[in-house]
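**Student:** sequence and predicted structure are below.
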Amino acid sequence: MPRGSVLFVVGIWPLLNVGCAHTWDALTSQRFREAPFTTLRQLIQPEDPVVVLLADPPRSGDERAAAWQRLRAERFQQCAPEQQAQLWQMVEQDATRETSPWVRLSAIQALGRLRDPRTVGLLIAAYQQADGYPEGSISAAAILSPDPKATGVSSAGRRPTRVGTESLLLHGPRGFPPEWSNAIRCQALEALGQTPSVEAVRFLATVAGAYPDQSVPGAEERDVRLAAIRALARCRQPEAVDALVRVLQQNTHSTDTALIHRTHEGLVRLTGRDLPPEPQVWQELVQTGVTLAPEPTWWDEAWEQVVQAVRWLR
C-alpha cells in the first residue's frame, strides 16, 4: 500500500471509531467551519460532558446535545453536590422547555441513564410538554380556531382579542411539528422504560391503551403507543406484565398485527413463557402469579434480532 494511503487510513481511523453519523454531524456543523482543528480534536478525544454543560458562557446547542448524550450516571455521581444541583436544573430545563428539539431529545436520553428518584416525574413532564409550547401558553392552532373557547372570543362574530393573538402576530407560530413532538414523546417513553418504577409502569400502560377510560395527549398516535408497549417490555416489574395483558385484551379484535405482535413479544420477554397471543391464556398466568424471567443478555437480544430478520425475509 502506498505511504500516502497508509497515512490517510491512520489519520481517519479515530474519526471512524466515533461513529459515522456523529462524525458527519460534526464535519457539517457551524463550529467546524469556525474552528476545524478544535472540532476534529474533540471528535477524537471528546470533552468532559460536565465541563461542556457547566461552561460559562453557555456552549452552543449542538455541543450541549452531544454532552447530554455522553453523560453517564457514574460521571454524574462523581460531581460535587452543587454541580449535581446545577446539572439537574439544566436537564430539567432542556428536557421540558428547550426550544431545540435535538437538545430536548438528548437531555431526555440522559435522564433515562440517571438513577434518581426525580427522573420519573421529569420524564412524564417531558412527555406532556413535547408539543414545544411554553407551559400555560396558547398554541397557534388554538388561536386560529373558530372555537370561541379556544380563541378567547366572548361572542359570535367578534374577532379574537389582541390578548390571544399578540404572541402569534409578533413572534409567529410556536411549537414543534407533529413529527418532532412524537419523536420527543417516544424518547420520553423509552427512557421511562429504563426506570424501575411502578409510577412509570402506570403512565406507560395508560399511553399504551391499557385503560381506555384514561386519555393522555399523543396516545392516539400509533408510533407513540408502540413506543409505550416496547418500554413496558423493558420494565422489570410484575405490574408491567399485567399492563401488557390489559393491552392485549383491549386489542382482541384489532387488525393492527404489529401492535399485537409487540405486546405479545413483551409478555414473552418479561415472563420467559412462550404462550400464544391469547388474552385469556395470559390472564390466567397473571392470576396464578407472575415470575419475571432473567433479563436477556446482549447476546440473547442480538440473536433475537437475527431470528426476527430471518422471519421477515421469509
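**Tutor:** Nice, I can see it. Numbering: from 1, shown residues only.

**Student:** please report how far Ala243 lies from Glu82.
**Tutor:** As judged by Cβ to Cβ, to the nearest Å, Ala243 and Glu82 stand 39 Å apart. In this view, the C-beta of every residue, glycine as well, is placed from N, C-alpha and C.

**Student:** have a look at these two and say which one is more surrounded.
**Tutor:** Ala243 (26 against 8; other Cβ atoms under 10 Å).

**Student:** confidence score at the more buried one?
**Tutor:** On pLDDT, Ala243 comes in at 96.

**Student:** next one: it from Val201, what distance?
**Tutor:** Ala243 is 6 Å from Val201, by Cβ to Cβ.

**Student:** overlap in contacts, the two.
**Tutor:** Taking Cβ atoms under 8 Å, 6 or more residues apart in numbering as the contact rule, Ala243 and Val201 both touch Leu232.

**Student:** now for the residue positioned nearest the centre of the chain: which residues touch it?
**Tutor:** The centroid of the chain falls nearest to Gln187 when counting by Cα atoms, centre = their mean (0.9 Å). Taking Cβ under 8 Å, 6+ apart as the criterion, Gln187 is in contact with Leu105, Ile108, Gln109.

**Student:** so how many other residues sit close to the first one?
**Tutor:** The reference is to Leu105. 23.

**Student:** which secondary structure element contains it?
**Tutor:** Per DSSP states H and E, Leu105 falls inside helix 101-113.

**Student:** same question, Val245
**Tutor:** Taking DSSP H and E as the criterion, Val245 maps to helix 238-250.

**Student:** what's the spacing between that helix and its chain's center?
**Tutor:** Distance of helix 238-250 from its chain centroid, counting by Cα atoms, centre = their mean, to the nearest Å, is 22 Å.

**Student:** give me the contacts around that helix.
**Tutor:** For helix 238-250, using Cβ under 8 Å, 6+ apart, the contacting residues are 198, 201-202, 204-205, 208-212, 229, 232-233, 260, 263-264, 266-267, 270-271, 277, 279, 282-283, 286, 290, 292.

**Student:** kindly report the same for stretch 65-75.
**Tutor:** Contacts of stretch 65-75 (Cβ under 8 Å, 6+ apart): 22, 46-50, 52-53, 59, 87, 91, 94, 100, 102-103, 105-107, 109-110, 113-115.

**Student:** so where's this structure shaky on pLDDT?
**Tutor:** 1-32, 34-35, 37-43, 134-174, 300-301, 304-305, 307-309, 311-314 (pLDDT under 70).

**Student:** could you pull out the strands for it?
**Tutor:** Applying DSSP state E to the chain gives no strands.

**Student:** which residues of the stretch 51-200 of the chain fall in helices?
**Tutor:** 61-70, 73-78, 81-96, 101-113, 119-128, 140-144, 148-151, 162-171, 178-192, 198-208 (DSSP state H, counting those that start in this stretch).

**Student:** which one of those lies closest to Asp223?
**Tutor:** Comparing the helices of the stretch 51-200 of the chain against Asp223 with Cβ to Cβ, the closest turns out to be helix 178-192 (5.7 Å).

**Student:** coming back round to it: buried set for the helix holding Val245?
**Tutor:** Using 16 or more other Cβ atoms under 10 Å as the burial criterion, the residues of helix 238-250 that qualify are Pro238, Glu239, Ala240, Val241, Asp242, Ala243, Leu244, Val245, Arg246, Val247, Leu248, Gln250.

**Student:** and the residue nearest to the centre of the chain, how far from Tyr127?
**Tutor:** For Gln187, the distance to Tyr127 - Cβ to Cβ - is 9 Å.

**Student:** export the helices of the stretch 51-200 of the chain to TSV and tack on distance to Val310?
**Tutor:** Converted to TSV, the helices of the stretch 51-200 of the chain look like this (distance: least, Cβ to Cβ, whole Å):
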stretch	distance to Val310
helix 61-70	32
helix 73-78	36
helix 81-96	38
helix 101-113	30
helix 119-128	35
helix 140-144	45
helix 148-151	51
helix 162-171	52
helix 178-192	26
helix 198-208	28
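
**Student:** out of those, which is closest to Pro296?
**Tutor:** Here helix 178-192 is closest among the helices of the stretch 51-200 of the chain (Cβ to Cβ), at 16.6 Å.

**Student:** run the chain-centre distance for the closest one.
**Tutor:** 4 Å.

**Student:** just to revisit the earlier point, what's the angle from the helix holding Val245 to helix 198-208?
**Tutor:** Interaxial angle, helix 238-250 versus helix 198-208 (axes from the mean of the first three to the mean of the last three Cα atoms, to 10 degrees): 10 degrees.

**Student:** find the nearest non-adjacent residue to Leu264, please.
**Tutor:** Let me fix one detail, which is that residue 264 is His and not Leu. The shortest distance from His264 to any non-neighbouring residue, by Cβ to Cβ, 6 or more residues apart in numbering, is to Pro277 (3.9 Å).
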